[in-house]
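Q: could you look at this predicted model? Sequence included:
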Amino acid sequence: MAKSTIKIRAKVKGGVTTVKCLITHPMETGTRKDKKTKKLIPAHFIQEVVCTHGANPVMTAHWSGGVSKNPYLSFKFEGGKKGDAVSISWTDNKGGSDSATAKIS
């Protein structure tokens, strides 16, 4: 099995769950040139990130090439409990995808 591109942590405090994740991805805009060949590097970026708590989506983000390499994402939602599972998944413009799950602490 390949190593996950997502590192995720989730903590609940006062009924609010804070999710933090780091995604390993090149996030190429398609406007940058290769220094050796002088040709444009093709666009390769995450288009959609979805977070679910149980079976319910709690966050959806639509991204473009304007997001930096190896993006960091942090958000909060209500309703999570200690021990519940939180999942993050992404898909990119070349059909790539990954997902990871963490327990809320």
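A: That came through fine. Numbering: from 1, shown residues only.
Q: wait, doesn't Ile104 sit right on Gly80?
A: Yes - taking CB atoms under 8 Å as the definition, Ile104 is a contact partner of Gly80 at 5.0 Å. Glycine gets a C-beta too; all of them are placed from N, C-alpha and C.
Q: what sits in contact with each of those two?
A: 10, 12, 17, 86 (CB atoms under 8 Å, 6 or more residues apart in numbering).
Q: and the residues you listed, which two are furthest apart?
A: Val12 and Val86 (10.0 Å; CB to CB).
Q: report how many residues lie close to Thr101.
A: Thr101 is flanked by 14 other residues according to other CB atoms under 10 Å.
Q: for it, name its beta-bridge partners.
A: Ser87 (DSSP bridges).
Q: for it, what are its contacts?
A: Here Thr101 is in contact with 8, 85-88 (CB under 8 Å, 6+ apart).
Q: JSON lines for those residues, including neighbour count and pLDDT?
A: Below are these laid out as JSON lines (neighbours: other CB atoms under 10 Å; pLDDT from 0 to 100):
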{"residue": "Ile8", "neighbour count": "19", "pLDDT": "97"}
{"residue": "Ala85", "neighbour count": "13", "pLDDT": "97"}
{"residue": "Val86", "neighbour count": "24", "pLDDT": "98"}
{"residue": "Ser87", "neighbour count": "18", "pLDDT": "98"}
{"residue": "Ile88", "neighbour count": "23", "pLDDT": "98"}
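Q: all good on my end, thank you.
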